[in-house]
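Asker: Dropping a prediction and its sequence here:
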Amino acid sequence: MLTKREELFGGTPDEYLSHKEKYENSTRKAVILFSLLRKIQEENNTDLTNYRNLLSGVLGASISQDGSPFGLHYIMFMPVFMSQADEEQQERWLHRALNCSIIGSYAQTELGHGTFIRGLETTATYDPSTQEFVLHSPTLTSYKWWPGGLGNTANYCIVIAQLYSKGECHGIHSFIVQVRDEDTHMPLPGIKVGEIGVKMGLNAVNNGFIGFENVRIPRTNMLMKHAKILEDGTYVKSKNSKLIYGAMVFVRVVIVFDSVNYLAKAITVATRYSAVRRQSQLKEGEPERQILDYVTQQDKILTAIAGCFAMKMNARMLWDTFNVINDQLHKGNMERLGELHALACCLKAISTSDSSLFTARCRVSCGGHGYMVSSTLPATSALTTASCTYEGDNTVLLLQTARFLLKTWRQIDTGPLTPTVEYLKTVSAPGFSYKWENSIEGIIRGFQIVSMKKISSCLNLMTAKVMSGMSQADAWNTISIQLVSAGESHCRAIVISTFHEDMSKAMRSMSASLAEVMGQLVELYAVYWTLERLGDLLEYTSISGADVVKLRSWYEELLRKIRPNAVGLVDAFDIIDELLQSTLGAYDGRVYERLMEEALKSPLNAEPVNQSFHKYLKPFMQGKL
Ligand SMILES: CCCCCCCCCCC/C=C/C(=O)SCCNC(=O)CCNC(=O)[C@H](O)C(C)(C)COP(=O)(O)OP(=O)(O)OC[C@H]1O[C@@H](n2cnc3c(N)ncnc32)[C@H](O)[C@@H]1OP(=O)(O)O
Ligand SMILES: Cc1cc2nc3c(=O)[nH]c(=O)nc-3n(C[C@H](O)[C@H](O)[C@H](O)COP(=O)(O)OP(=O)(O)OC[C@H]3O[C@@H](n4cnc5c(N)ncnc54)[C@H](O)[C@@H]3O)c2cc1C
């Protein structure tokens, strides 16, 4: 009788399963894991705060690098329900979703549209004679494409469609739609549903497509917490049309946590391997050195560790900010919605792009063995690059942040600013002066000045172009590279200052030795990004060549200081071997034995001579083909 652990983590490695077997195996594992989750849920309430911990606790430690067919049910279907369904609808469906007697997905993206959601083509036309909506996919490009779990798993999904009533289009709204029979799991009439095929990664997520041929759903299947359709077809608009976007903000907040989880796995593997792997002699005649002794290796890995700690603290700040503003939204105060959207956009973009960058570095820092699937670094790399796209393409999200920053800058003199942008007032105040200094505080100030000056420059450029006769849209597009850069600079200033402030607070309750190491991580992160963004700092601050020379020495000194604690820092993530699933990162360091153990599991090692020798090779080598 297999234990739960053996059931979850044993069996043929996923990499040797077919696409279909991989899905079936991940569904088997998901059922085990989510049965456990269901038990947890029975003991806890399901408000968003608890829900996020539940979500990141289980899904963030997902048992497969390929994701889970239940992921979207938890990541989007339920959060959207909690934020957009009215009380009657929650009463009808939420408990069934929570106990997984229905499995849901979230269908927004279409073959033809992902970013521009106002351009979505799926229609939901209200028929007052039957008090139903008619869901329809008018074109191939209107087919929903990507929804996780929709291929073969979900029997319900939330569909985002253009709402039509009394001949008028009211824009995109959310509808809950049953897609499969709850007993037979057969697609319901008028519904064409399937799986989109093999992807670069996340191949257990079961991403699907769905098309509707005049499918009728009751009026009460429109999620009506905000906007409504009355029985006679009268449209009652939402207090704020942007509230429909709320779920995307929530998921972006959660994705920042998730990007930390993925990066923590990758740097645990790369750091432990770099402590085990010995290669080359630093001095003639000496034994081969641990590759972690090479400063170039430290440059790749220790900065990733610092980045992981930095983003973890910023994820917590973002979550706290989300909760504060979400409470205000529930009370009808929309004042900080734009700020929350901008912050969630840039932190999702920066956390996922950093995670992708540093994970790729971890992969190459492990040489050939880092290219083995059994190291899990390729899968983590595929995961992190996907996160730069899903829940909003990073470029598009940074442009959203830039849009908010320009709006803020236009109003800079009309009153107080909201917390995440009030630095703009400080560094642009009359009489404010700043001379570069090589300190954490000096670096933070420098990044804030760069951000302010980029925003100001973008606005001046926009104004000049529009004054010269260019349309607002063309002017925006023309300078969009600089707009993205302004969004990134703003975010980097927030990340460094949050890391410094929150870590300084945390250090007060640490032992002196731990506080010293944590302080070194903050310095390493700040100095690393200073050296990475020297162009901006040279353009907008008084930093000098002499400062840069000292910064480089400071950086190298920090690498030297942190090196002895590298393994301890990643051990602190406490990721068990079963979740790490890596031949290179296992806690016992038996890298070579594990590489060989995994290799022998290859089906190609089942017999000494593969059948292709007799069928192909031998006739070929004998000139018979
Ligand atoms: C712990 C483990 C679990 C987590 C790990 C995740 C695992 C895998 C998850 C994968 C699941 C993936 C799901 C998806 O991908 S769902 C689909 C996501 N799609 C998107 O994000 C689409 C992105 N596009 C957009 O958001 C919009 O199209 C965009 C805003 C980019 C542009 O739209 P539009 O042109 O209409 O907007 P404008 O630029 O004109 O701005 C209009 C105003 O609306 C405001 N706005 C826009 N979005 C939001 C928002 N989300 N919240 C609040 N406000 C928003 C915007 O600021 C403008 O306001 P102003 O006019 O006042 O400036
Ligand atoms: C693994 C994965 C899981 C997903 N899961 C789901 C899901 O469950 N449900 C769901 O609904 N969707 C899902 N998606 C879809 C995802 O939300 C979209 O892929 C994403 O929103 C980007 O849209 P797109 O793919 O159409 O890219 P596009 O928007 O076509 O972007 C392509 C390029 O065009 C650029 N671009 C687009 N618009 C602009 C602009 N205005 N200004 C400047 N540049 C622009 C982008 O920067 C990008 O470089 C998933 C995607 C992935 C990869």
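Answerer: Nice, I can see it. Ligands and ions are numbered 1, 2, ... in the order given.
Asker: Please list the residues outside stretch 94-104 that contact it.
Answerer: Residues from elsewhere that reach stretch 94-104 (C-beta atoms under 8 Å, 6 or more residues apart in numbering): 34, 38, 41-42, 46, 70, 72-73, 77-78, 81-82, 85, 93, 149, 153-158, 176, 182. Every residue, glycine included, has its C-beta placed from N, CA and C.
Asker: List only those of the residues you listed flagged as buried.
Answerer: 34, 41, 70, 72-73, 77-78, 81-82, 85, 93, 149, 153-158, 176 (16 or more other C-beta atoms under 10 Å).
Asker: Please, where are all the strands along the stretch 401-550 of the chain?
Answerer: Counting by DSSP state E, counting those that start in this stretch, the stretch 401-550 of the chain forms no strands at all.
Asker: For the protein, which residue occupies the most central location?
Answerer: Compute the mean C-alpha point of the chain, and by C-alpha atoms, centre = their mean the closest residue is Ile255, 3.6 Å away.
Asker: pLDDT averaged over the helix or strand hosting that residue, what's the number?
Answerer: Assessed by DSSP states H and E, Ile255 sits inside helix 246-276. Averaging pLDDT along helix 246-276 gives 93.
Asker: Just confirm yes or no for that helix near ligand 2.
Answerer: No - under the criterion of C-beta under 6 Å from any ligand atom, ligand 2 is not reached by helix 246-276; the shortest gap measures 8.9 Å.
Asker: Could you pull up the residues touching Lys435?
Answerer: Counting by C-beta under 8 Å, 6+ apart, Lys435 has contacts Ser542.
Asker: run the last query once more with 10 Å
Answerer: If you count contacts by C-beta atoms under 10 Å, 6 or more residues apart in numbering, Lys435 has them with Gly442, Arg445, Thr541, Ser542, Ile543.
Asker: Just the buried subset of those, please.
Answerer: Gly442, Arg445, Thr541, Ile543.
Asker: ok, now how distant is Tyr23 from ligand 2?
Answerer: Noted for Tyr23: a distance of 15 Å to ligand 2, by C-beta to the nearest ligand atom, to the nearest Å.
Asker: buried residues in stretch 128-135?
Answerer: Buried residues in stretch 128-135 (16+ other C-beta under 10 Å): Glu132, Phe133, Val134, Leu135.
Asker: how about those in JSON lines, adding secondary structure, distance to Tyr592 and pLDDT?
Answerer: Formatted as JSON lines, the buried residues of stretch 128-135 follow (DSSP: H, G, I helix; E, B strand; the rest coil; distance: C-beta to C-beta, whole Å; pLDDT from 0 to 100):
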{"residue": "Glu132", "secondary structure": "strand", "distance to Tyr592": "64", "pLDDT": "98"}
{"residue": "Phe133", "secondary structure": "strand", "distance to Tyr592": "61", "pLDDT": "98"}
{"residue": "Val134", "secondary structure": "strand", "distance to Tyr592": "63", "pLDDT": "98"}
{"residue": "Leu135", "secondary structure": "strand", "distance to Tyr592": "57", "pLDDT": "98"}
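Asker: Include distance to Leu98 when you put those residues into a markdown table, please.
Answerer: Conversion of the buried residues of stretch 128-135 to a markdown table gives the following (distance: C-beta to C-beta, whole Å):
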| residue | distance to Leu98 |
| --- | --- |
| Glu132 | 27 |
| Phe133 | 25 |
| Val134 | 30 |
| Leu135 | 25 |
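Asker: Now do Ser509 against ligand 2, distance only.
Answerer: From Ser509 to ligand 2 the distance is 39 Å (C-beta to the nearest ligand atom).
Asker: residue contacts, that residue?
Answerer: Counted by C-beta under 10 Å, 6+ apart, Ser509 has contacts Ala515.
Asker: Could you tell me the per-residue confidence at the spatially closest residue to Met313 that is not a sequence neighbour?
Answerer: Nearest residue to Met313 in three dimensions, chain neighbours excluded: Asp502, at 4.5 Å (C-beta to C-beta, 6 or more residues apart in numbering). pLDDT, Asp502: 97.
Asker: can you list the residues of the stretch 151-300 of the chain near ligand 2?
Answerer: So the stretch 151-300 of the chain meets ligand 2 at Leu202, Asn207 (C-beta under 6 Å from any ligand atom).
Asker: sorry, back to before: so which of the buried residues of stretch 128-135 is the closest to Phe116?
Answerer: Checking those against Phe116 with C-beta to C-beta, the nearest one is Leu135 at 20.4 Å.
Asker: what residues are up against that closest one?
Answerer: 122-125, 159, 161, 175, 177, 190-191, 210-217, 221.
Asker: Kindly recompute the last result at 8 Å.
Answerer: Contacts of Leu135 by C-beta under 8 Å, 6+ apart are Thr122, Thr123, Ala124, Val159, Ala161, Phe175, Val177, Phe212, Asn214, Val215, Arg216, Ile217.
Asker: quick one: the third one and Ile160 touch, right?
Answerer: No - the pair formed by Ala124 and Ile160 falls short of the contact definition of C-beta atoms under 8 Å, at 9.3 Å.
Asker: Now intersect the contacts of stretch 94-104 with the strands, please.
Answerer: Tyr156, Cys157, Ile158, Ile176 (DSSP state E).
Asker: would you list those in JSON lines and tack on distance to Ser553 and pLDDT?
Answerer: Below are the ones in strands among the contacts of stretch 94-104 laid out as JSON lines (distance: C-beta to C-beta, whole Å; pLDDT from 0 to 100):
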{"residue": "Tyr156", "distance to Ser553": "60", "pLDDT": "98"}
{"residue": "Cys157", "distance to Ser553": "56", "pLDDT": "97"}
{"residue": "Ile158", "distance to Ser553": "55", "pLDDT": "98"}
{"residue": "Ile176", "distance to Ser553": "60", "pLDDT": "98"}
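Asker: circling back to that earlier point, could you work out the most separated pair of the buried ones among the contacts of Lys435?
Answerer: Pairwise distances across these (C-beta to C-beta) peak at 11.1 Å, for the pair Arg445 and Ile543.
Asker: shaky segments in this protein?
Answerer: The model of the chain has pLDDT under 70 over residues 2-12, 44-64.
Asker: give me that answer again for 50
Answerer: Scanning the chain for pLDDT under 50 picks out 61.
Asker: Tell me who's in contact with the residue of it at minimum distance from ligand 2.
Answerer: Closest approach between the chain and ligand 2, counting by C-beta to the nearest ligand atom: Gly114, at 2.1 Å. Residues in contact with Gly114, defined by C-beta under 8 Å, 6+ apart, are Trp146, Asp393.
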